[in-house]
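Participant: Could you look at this predicted model? Sequence included:
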Amino acid sequence: MIGKKVTNYRWTICALLFFATTVNYLDRQVLSLLKPHLEDVFGWSNSDYANIASVFQFTYAISMLFAGRIVDKLGTKKGYAWAIVIWSAGAIVHALAIPIGEGIAVVMGFVGITSISVSIAGFMFSRALLGFGEAGNFPAAIKATAEYFPKKERSFATGIFNSGTNVGAVLAPLTVPFIAKQWGWESAFLLIGAVGLLWLIFWFKFYDKPEEQKRMSAEELEYINDEKIEGFEPIKEAEYADGKVSWFRLLHYRQTWAFVVGKFMTDGVWWFFLFWLPAYLKDQYGMVDTQVMLPLVVLYSMTMIGSVGGGWFPMYFIKKGYAPYDARMKAMLVIAIFPLVVLAAQPLGQISFWMPVILIGIGASAHQAWSANLFTTVSDMFPKKAIGSVVGIGGMIGGLGGVFITKLGGALFDKYKALGHIETGYTIMFTICAVAYLIAWVFMKFLVPKYKLITDL
């Protein structure tokens, strides 16, 4: 490659992935930010909201199992396009939840089911459609990264586009309450949902397979296909690269279960922070609408530190001679200690609302660091052809863990609200969030004590 000019068109693709991931998180957060208002409008209980939110998580979880294979079949360009069309439609139809719910009520009335309210039915349908579409984001983005980046740059490119999750979490409280206050809650769903459709214009204009990309130089294509990493031999995966691996076959490996346990125990913590923090600020401090903007922006801005620092941290141990998996597990043990500060959120919250915001921000930042390393343990131990399937299995189980946490939170908050002590419900949930990572690490270490590459698939 010496003497040849390598263009940087691949980073344009990375930018597209970053913006799509940002939109992904914007769309999924609108409901949580409007929850305090919508529960007043429609008379929802915390359990009602939990049921609506868990429909998204359940649909997302099940869809994750199949999303990667669907994207593989359709190709990256069509697969990603269909994913964002579906989830944008899901985001937009939230604004039509009432007429949709009325239609569902008529259908359910024919079969004798009349107990579900119109608003809940409409929002459940909308969340299910959103979850189905959003499940395609990460499989498509990871596939595009593998197509457009050499192995030595993929983790960096993945870190960049994945930071869109944090940016989306920051932008949502800056935009959603303002839009809802100015033009109504329906407008928030309509305007935020439409952003994804604008992204499609740029996706179709700028994305093609690397070998068909007219904007990219031949030298850059050669660079992308260069598997050599300075100081290392190329990874010899040719004998594993082709063919599919059955999900049932993968369940025979302790490495799969280690990843599954890590996802089940900790994914729900992130979902809880994402879906319940606006409600927490209202229940504990009476903060609603635009009042939650600054605290949530500060909190989710902190998570960017975890995203970047968490990806870098294992290199400290790798440079000391540890195998990648062993280095990652040491890093994850340190990371798992940080969420323990969330235990102090309620006691110190009596001083100022900023105390729980900062402490929960540390816990959420630790989650991003943990998650970055947890995903990478799969590529440490499995051949390339199995990575998507293992990630899909873990993603599904992690989503189901999120459903459990969401339903548990809703039940606890309703119970203790009726008793006049809703703060007790939050204390219990914050305790679960604080200790989940250490428990997950212990189970993972028990299942896979030492690094072992799977070579018999």
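Facilitator: That came in fine, so what should we check first?

Participant: Nearest spatial neighbour of the spatially most central residue of the chain, chain-adjacent residues omitted?
Facilitator: Among the residues of the chain, the one closest to the centroid is Thr165, at 7.0 Å (C-alpha atoms, centre = their mean). Of all residues not flanking Thr165 in the chain, Tyr25 sits nearest, at 5.0 Å (C-beta to C-beta, 6 or more residues apart in numbering). To be clear about C-beta, it is placed using only N, CA and C from the backbone, and glycine gets the same treatment.

Participant: my guess is Leu374 meets Ala331, correct?
Facilitator: No. Using C-beta atoms under 8 Å as the test, Leu374 is too far from Ala331 to be in contact (10.7 Å).

Participant: before we move on, back to that, on the C-terminal side of the stretch of helix or strand the residue nearest to the centre of the chain belongs to, identify the next helix or strand.
Facilitator: Following DSSP states H and E, one finds Thr165 within helix 164-183. Going down the chain from helix 164-183, the next helix or strand is helix 185-206, by DSSP H and E.

Participant: Mind checking the pLDDT average for the helix or strand that that next one is followed by?
Facilitator: With elements assigned by DSSP H and E, the helix or strand that comes after helix 185-206 is helix 218-224. Across helix 218-224, pLDDT averages out at 85.

Participant: got the buried residues for helix 218-224?
Facilitator: Judged by neighbour count using 16 or more other C-beta atoms under 10 Å, the buried positions of helix 218-224 are Glu220, Leu221, Tyr223, Ile224.

Participant: And those, which is closest to Ser117?
Facilitator: Nearest to Ser117 among these is Ile224, at 52.8 Å by C-beta to C-beta.

Participant: For that closest one, give me its contacts.
Facilitator: Arg10, Tyr148, Phe149, Pro150, Pro210 (C-beta atoms under 8 Å, 6 or more residues apart in numbering).

Participant: try 10 Å
Facilitator: 6, 9-10, 146-151, 153, 210-211, 213, 216 (C-beta atoms under 10 Å, 6 or more residues apart in numbering).

Participant: now Ala279
Facilitator: Ala279 touches 32-33, 35-36, 39, 46, 49, 292, 409-410, 413, 422, 426, counting by C-beta under 10 Å, 6+ apart.

Participant: Narrow those to those in strands?
Facilitator: Per DSSP state E, strands hold no members of the contacts of Ala279.

Participant: Weed out the non-buried ones from those.
Facilitator: 32-33, 35-36, 39, 46, 49, 292, 409-410, 413, 422, 426.

Participant: returning to what we had before: where do the contact lists of Leu374 and Ala331 overlap?
Facilitator: Gly310.

Participant: if we can go back for a sec, just give me the closest of the buried ones among the contacts of Ala279 to Leu251.
Facilitator: Using C-beta to C-beta, Gly409 comes nearest to Leu251 of those, at 29.5 Å.

Participant: Val390: helix or strand, and which one exactly?
Facilitator: With DSSP H and E as the test, Val390 turns up in helix 384-418.

Participant: what comes up buried for that helix?
Facilitator: 386-403, 405-410, 412-414, 416-417.

Participant: Which elements pack onto it?
Facilitator: helix 46-74, helix 137-148, helix 247-250, helix 254-285, helix 354-381, helix 422-447 (3 or more C-beta pairs under 10 Å, 6 or more residues apart in numbering; DSSP states H and E).

Participant: let's see it at 7 Å
Facilitator: In terms of contacts (3 or more C-beta pairs under 7 Å, 6 or more residues apart in numbering; DSSP states H and E), helix 384-418 is packed against helix 46-74, helix 247-250, helix 254-285, helix 354-381, helix 422-447.

Participant: got a markdown table for these, with mean pLDDT and distance to Leu453 too?
Facilitator: Below are the helices and strands packed on helix 384-418 laid out as a markdown table (pLDDT from 0 to 100; distance: least, C-beta to C-beta, whole Å):
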| stretch | mean pLDDT | distance to Leu453 |
| --- | --- | --- |
| helix 46-74 | 87 | 21 |
| helix 247-250 | 85 | 14 |
| helix 254-285 | 92 | 9 |
| helix 354-381 | 87 | 6 |
| helix 422-447 | 96 | 15 |
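
Participant: Serialize those to JSON lines and add fields for distance to Ala128.
Facilitator: Listed next are the helices and strands packed on helix 384-418 as JSON lines, based on distance: least, C-beta to C-beta, whole Å:
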{"stretch": "helix 46-74", "distance to Ala128": "5"}
{"stretch": "helix 247-250", "distance to Ala128": "23"}
{"stretch": "helix 254-285", "distance to Ala128": "15"}
{"stretch": "helix 354-381", "distance to Ala128": "24"}
{"stretch": "helix 422-447", "distance to Ala128": "25"}
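
Participant: Any idea which of those gets closest to Ala135?
Facilitator: Ranking these by proximity to Ala135 (C-beta to C-beta) places helix 46-74 first, at 3.5 Å.

Participant: what comes up buried for whichever helix or strand comes after that closest one?
Facilitator: Where DSSP H and E defines the elements, the next helix or strand beyond helix 46-74 is helix 76-93. Under the neighbour-count criterion of 16+ other C-beta under 10 Å, helix 76-93 has 76-77, 79-84, 86-93 buried.

Participant: Closest to Val357 out of those residues?
Facilitator: Ala91 (26.8 Å).

Participant: from memory the closest one sits against Ile192, does it?
Facilitator: Yes. Counting by C-beta atoms under 7 Å, Ala91 does reach Ile192; the two are 6.3 Å apart.

Participant: Overlap in contacts, those two.
Facilitator: Here Ala91 and Ile192 share the contacting residues Asp27, Val30, scored by C-beta atoms under 7 Å, 6 or more residues apart in numbering.

Participant: And the contacts of stretch 175-195?
Facilitator: 23, 26-27, 30, 33-34, 37-38, 88, 91-92, 94-95, 289-290, 292-293.

Participant: Give me the buried subset of the residues you listed.
Facilitator: In terms of neighbour count (16+ other C-beta under 10 Å), the buried residues within those are 23, 26-27, 30, 33-34, 37-38, 88, 91-92, 94-95, 289, 292-293.
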